[in-house]
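Enquirer: Structure for the following, please:
(one chain, ligands or ions: 1)
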Amino acid sequence: MSIAQSILDIAIAAAEKESAQRITRVNVVAGQLRGIVPLQFTFYFGLLAENTIAGGAYLNLEITPIRGRCRQCEETFTVEEYRYICPKCQGEDIQTVGGTELRLKDIEVE
Ligand SMILES: [Zn+2]
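Expert: The predicted structure is shown next:
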């Protein structure tokens, strides 16, 4: 819920900077490791946005996959189903290099 609040705060700040009347759409990029449940997130966002200029805005949530990097052969790959195994050398010493991001991509205003 606090994530939804901070996304909303950033969106409103950005809209106010552009002297927008209303936010119609909010595009958010969230890594899979954030464990965001889209329906729940959309629900909280809508709730928090009520009575703000983002009220009724459409929230578009783009979930990015987990990316791993093999420490043995430097291969980077998408981690499927939390299997941290290198597809190239079968190494298991994997560093997570993607999937934790969370950011407001952009907003649409009117
Ligand atoms: Zn490898």
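
Enquirer: Do you have the helices of the protein handy? List them.
Expert: 2-17, 38-49 (DSSP state H).

Enquirer: Quick check: buried residues in stretch 58-68?
Expert: By neighbour count on 16 or more other CB atoms under 10 Å, the buried set for stretch 58-68 is Leu59, Leu61, Thr64, Ile66, Arg67, Gly68. (Glycine included, C-beta is placed from N, CA and C.)

Enquirer: on that earlier part again, between the helices of the chain, which one is nearest to Asp106?
Expert: For Asp106, the closest of the helices of the chain is helix 2-17, at 8.3 Å, according to CB to CB.

Enquirer: Can you say which of the helices of the chain is nearest to the ion?
Expert: Ranking those by their distance to the ion (criterion: CB to the ion) puts helix 38-49 first, at 31.9 Å.

Enquirer: between that closest one and helix 2-17, how many degrees?
Expert: Between the axis of helix 38-49 and that of helix 2-17 there is an angle of 50 degrees, by axes from the mean of the first three to the mean of the last three CA atoms, to 10 degrees.

Enquirer: What residues sit buried inside helix 38-49?
Expert: Counting neighbours by 16+ other CB under 10 Å, the buried set in helix 38-49 is Phe41, Thr42, Tyr44, Phe45, Gly46, Leu48, Ala49.

Enquirer: which helices and strands does that helix pack with?
Expert: In this structure, helix 38-49 makes packing contacts with helix 2-17, strand 23-31, strand 58-64, judged by 3 or more CB pairs under 8 Å, 6 or more residues apart in numbering; DSSP states H and E.

Enquirer: which residues sit against that helix?
Expert: With contacts defined as CB atoms under 8 Å, 6 or more residues apart in numbering, helix 38-49 is touched by 1, 3-5, 7-8, 23, 26, 30, 55-57, 59, 61, 63.

Enquirer: cutoff 6 Å now
Expert: When contacts are defined by CB atoms under 6 Å, 6 or more residues apart in numbering, helix 38-49 is touched by residues Met1, Ala4, Gln5, Leu8, Gly55, Leu59, Leu61.
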